[in-house]
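A.B. asks: turn this into a structure:
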Amino acid sequence: TGEGDLVIDPMGGCGTTLVEAKIMGRPSVGVDINPVAVLITQAKVTPIEPSRLEKSFDELNNGLKEYSEFSKGKVPPHERIDYWFKSDEKCKLAFIFLKISDLETQDIRDFYYCAFSNILKNCSIWLQKSNKPTRDMNKKPSDPFQMFNKQVKMMIKSNIYFYELLKKKGYLGVKSEIFCTDAR
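C.D. replies: This next block holds a predicted model:
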């Protein structure tokens, strides 16, 4: 393709094609039937000005410090979630999710929802070595706050690189769209 040509990805997955199209100055449209894949793609193709992201992370971290034993009483039972998560991790994850939901802008929320989705398996009793849903009742789940912090820091580094690369090339405004629907 040439610069400015439209790139279409009918089964977008997690958005690698759309990211590469944007880096090459090509507007792109992707489709995927999986809402989590669409969320990940949306977060990946949306460069966020680094100081804005850093400010939001400080704000979010301050909010997460408000977690206490009192927070645990606010999480209702949920059969499927209770199946995969121990009570303590479930409460912490619910608290993180609520704090993300309180953030002002959709692009920032999507960025953190993406980080959140990435830590769930490690914070559950899902058997790590298994691709099939298998519970490991002896597993010590990772602490959600530590995992989230680590994941966000890694993603912030990637965002800075992506943002600066697009800015240098003059491609920050190149449009990338992802739709959650059947490609047919």
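A.B. asks: need the strands for the chain, in chain order.
C.D. replies: 7-9, 28-32, 176-180 (DSSP state E).
A.B. asks: wait, which of those strands is closest to Gly63?
C.D. replies: Of all those, the one in closest proximity to Gly63, counting by CB to CB, is strand 176-180 (28.0 Å). Glycine gets a C-beta too; all of them are placed from N, C-alpha and C.
A.B. asks: okay, now the closest residue to Lys139 other than its chain neighbours: neighbour count?
C.D. replies: Once its chain neighbours are removed from consideration, Lys139 has its nearest residue in Ile125; the separation is 5.0 Å (CB to CB, 6 or more residues apart in numbering). Counted with other CB atoms under 10 Å, the neighbours of Ile125 add up to 19.
A.B. asks: please tell me how far Ile125 sits from Glu89.
C.D. replies: Distance from Ile125 to Glu89, counting by CB to CB, to the nearest Å: 9 Å.
A.B. asks: shared neighbours, those two?
C.D. replies: Common neighbours of Ile125 and Glu89 (criterion: CB atoms under 8 Å, 6 or more residues apart in numbering): Pro141.
A.B. asks: still on that earlier bit, could you double-check that the residue nearest to Lys139 lies in contact with Met137?
C.D. replies: Yes: here Ile125 lies in contact with Met137, judged by CB atoms under 8 Å, at a distance of 6.4 Å.
A.B. asks: what's near enough to touch the residue nearest to Lys139?
C.D. replies: For Ile125, the contacting residues are 84-86, 135-137, 139, 141, taking CB under 8 Å, 6+ apart as the criterion.
A.B. asks: which other helices and strands does the biggest helix by length in the chain contact?
C.D. replies: In terms of residue count, the longest helix belonging to the chain (DSSP state H) is helix 144-169. Helices and strands touching helix 144-169, as assessed by 3 or more CB pairs under 8 Å, 6 or more residues apart in numbering; DSSP states H and E, comprise helix 16-23, helix 50-64, helix 87-101, helix 106-119.
A.B. asks: what lies in contact with the third one?
C.D. replies: With CB under 8 Å, 6+ apart as the contact definition, helix 87-101 has outside contacts at 60, 63-64, 67, 71-72, 74-75, 81-82, 85, 109, 112-113, 116, 120, 123-124, 141, 143-145, 148.
A.B. asks: let's see 7 Å
C.D. replies: When contacts are taken as CB atoms under 7 Å, 6 or more residues apart in numbering, the neighbours of helix 87-101 outside the stretch itself are 60, 63-64, 67, 71-72, 75, 81, 85, 109, 112-113, 116, 123, 141, 144-145, 148.
A.B. asks: and if you look at the shortest one?
C.D. replies: Outside of helix 16-23, the residues that reach it under the criterion CB under 7 Å, 6+ apart are 7, 9, 12, 28, 30, 41, 44-45, 165-166, 171, 174, 176, 178.
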